[in-house]
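Trainee: Pasting the sequence and the predicted coordinates here, then a few questions.
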Amino acid sequence: MKITQAGWIYAQRYEWEQEYRYTFFQGEEPSMSDYGHIAVMPHELVFELPSSFTQVPAEIVILRRKIERVRAESQSKVTLLQERISKLLAIEHKPERSDE
């Protein structure tokens, strides 16, 4: 299947690099300039997608990685909440002072 994407060629060079890197971003107008990319020229990218190519396995891998990140973030938040509860319970159960 033939794929055609309209976009822009951008140049970017980090201060530690000698040469510019050139990248294609899809879009109608220069939108990456706000992120340090220099718009070079509009370009139409045309390529042939192999008929055997399917995105599904790669998308599943990406989704599984996202699930793991969400689980880790959620577990971290749950742990912080449990720690707050434990601290509150510890405050409530302080032994009373005996004034004898």
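Mentor: Noted; the coordinates are in hand.

Trainee: Break down this structure into its strands, ranges please.
Mentor: 2-12, 21-26, 38-48 (DSSP state E).

Trainee: Where do the domain boundaries of this structure fall?
Mentor: The record's domain parsing of the chain by automatic domain parsing lists 2-48, 54-93.

Trainee: now those as CSV including mean pLDDT?
Mentor: Formatted as CSV, the domains of the chain follow (pLDDT from 0 to 100):
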stretch, mean pLDDT
domain 2-48, 89
domain 54-93, 91
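
Trainee: returning to what we had before: as a markdown table, the strands of the chain with distance to Ala72 and mean neighbour count would be great.
Mentor: Where C-beta positions appear, they are placed from N, C-alpha and C, glycine not excepted. Formatted as a markdown table, these follow (distance: least, Cβ to Cβ, whole Å; neighbours: other Cβ atoms under 10 Å):
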| stretch | distance to Ala72 | mean neighbour count |
| --- | --- | --- |
| strand 2-12 | 31 | 14 |
| strand 21-26 | 30 | 13 |
| strand 38-48 | 36 | 12 |
